[in-house]
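In: would you be able to build a 3D model of this:
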Amino acid sequence: MNLKLKNKTALVTGSTTGIGFATAGSLAAEGAKVIVNGRTLERVEAAVAKIKSDTGNQNVYGAVADLEHAEGVYSLTSRFPEVDILVNNIGIAEPKAFNDISDKEWLNIYNVNVMSGVRLSRAYLNKMLKVNWGRIIFISSESGVQIPAEMIQYGVSKTAQLALARGLAETTVGTSVTVNTILPGPTRTDAIVNFLKLTAERQGISQTEVEKAFFTSMRGTSIIKRLIEPEEIASLVTYVASPLSAATNGAALRADGGVIKSAF
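Out: Residues are numbered from 1 along each chain as shown. Next up, the predicted model:
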């Protein structure tokens, strides 16, 4: 299927690893011009080189910027003032008991997971509306619906993304600009792999045993009973980024392996 993404310019935040990296690679494979974002030059350059090598697409560019703060967003949008597709993927998570989460940590996760998307959408949405085409996609999480007790701060930030995306979609009435949210389930990213590794070390069992127990206890409603690969999320993101998804706007689309036990 031709997703008609050739020569569209896409910015994928937090795209040196995991879902962001897979999404940047998938968009590049479809012929889009892709901007890879990360916090260090070394990781950005490595990701850009790998995507170019894997896809043959040489229109892949690096953008080093820490999007936790307004200054980082400004530096990024100053260098790339217009994009056709914005994928708000950057995010952080840390399992922690509620009473141990400091105000500073609450503000940190809110700035990274929510305010980066607020600021970038503010920079690009009006320009998309002016040319009457654009895609803004938030990478939220099933944790935005089923708030995990072990990291409530993460769940709250992911719920905020759902509200933000839906509200922005309401500003696109009658245009060809869409704003949607993707809700991945437990995905084989660095964060969850490290979580499983630490749990295995703490309990003195193998990582495979921890992963199996994870889908029995912590995510017992999973239908597929395995971690989702980042490329499986990227496939959905790439479709939503394409002109073929024009009828999908203001939606929260699940790629959660059935973790959310709901027909809708």
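In: just checking, N88 touches S121?
Out: Yes - using C-beta atoms under 8 Å as the test, N88 is close enough to S121 to be in contact (7.4 Å). Using the backbone N, CA and C atoms, a C-beta is placed for each residue, glycine as well.
In: identify the contacts common to the two.
Out: I136 (C-beta atoms under 8 Å, 6 or more residues apart in numbering).
In: and these two? Which one has more around it.
Out: N88 (29 against 21; other C-beta atoms under 10 Å).
In: tell me the contacts of the more buried one?
Out: N88 neighbours (C-beta under 8 Å, 6+ apart): 13, 116-117, 120-121, 136-139, 161.
In: which ones among those lie within strands?
Out: 136-139 (DSSP state E).
In: make TSV from the contacts of N88 and add distance to G31 and pLDDT to it.
Out: What follows is the contacts of N88, written out as TSV (distance: C-beta to C-beta, whole Å; pLDDT from 0 to 100):
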residue	distance to G31	pLDDT
T13	21	98
S116	27	98
G117	26	98
L120	23	98
S121	25	98
I136	20	99
I137	18	98
F138	24	98
I139	22	98
Q161	28	98
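In: all the strands of the protein, residue numbers only.
Out: 9-12, 33-38, 60-64, 85-88, 134-139, 177-184, 252-255.
In: need the contacts of N88 in a markdown table (columns: distance to V179).
Out: A markdown table is the format used below for these (distance: C-beta to C-beta, whole Å):
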| residue | distance to V179 |
| --- | --- |
| T13 | 15 |
| S116 | 15 |
| G117 | 10 |
| L120 | 12 |
| S121 | 8 |
| I136 | 4 |
| I137 | 8 |
| F138 | 8 |
| I139 | 13 |
| Q161 | 11 |
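In: for E71, grab the count of nearby residues.
Out: 11.
In: ditto for the one 10 residues further on
Out: As a burial measure, P81 scores 10 neighbours (other C-beta under 10 Å).
In: in space, what's closest to S141 - neighbours in sequence excluded?
Out: Spatially, and ignoring its direct neighbours in sequence, S141 is nearest to K158 (4.4 Å; C-beta to C-beta, 6 or more residues apart in numbering).
In: roughly how far apart are that neighbour and R254?
Out: 13 Å (C-beta to C-beta, to the nearest Å).
In: neighbour-wise, which of these two wins?
Out: K158 (28 against 20).
In: tell me if I'm right that that one and N113 touch.
Out: Yes - between K158 and N113 there is a contact at 7.0 Å, judged by C-beta under 8 Å.
In: pLDDT score for the most centrally placed residue in the chain?
Out: In the chain, the C-alpha nearest the mean C-alpha coordinate belongs to N89, at 2.6 Å (C-alpha atoms, centre = their mean). Listed pLDDT for N89 reads 98.
In: contact partners for it?
Out: N89 touches 12-15, 19-20, 23, 139, counting by C-beta under 8 Å, 6+ apart.
In: with respect to Y74, which of the residues you listed is nearest?
Out: Nearest to Y74 out of the contacts of N89 is T13 (C-beta to C-beta; 14.0 Å).
In: leaving out chain neighbours, which residue sits closest to that closest one?
Out: Closest to T13 by C-beta to C-beta, 6+ apart is I90, at 4.1 Å.
In: so A24 makes contact with N59?
Out: No - the criterion here is C-beta under 8 Å, and A24 misses it with N59 at 11.6 Å.
In: could you check which of the two is surrounded by more residues?
Out: A24 (32 against 15).
In: now the more buried one: how far from V237?
Out: From A24 to V237 the distance is 10 Å (C-beta to C-beta).
In: packing partners for the single longest helix found in the chain?
Out: Secondary structure of the chain per DSSP state H: the longest helix is helix 152-169. Where contact means 3 or more C-beta pairs under 8 Å, 6 or more residues apart in numbering; DSSP states H and E, helix 152-169 is packed against helix 103-110, helix 116-131, strand 134-139, strand 177-184, strand 252-255.
In: any idea which of these is most buried?
Out: Of the helices and strands packed on helix 152-169, the one with the most neighbours on average (mean count of other C-beta atoms under 10 Å) is strand 134-139, at a mean of 27.
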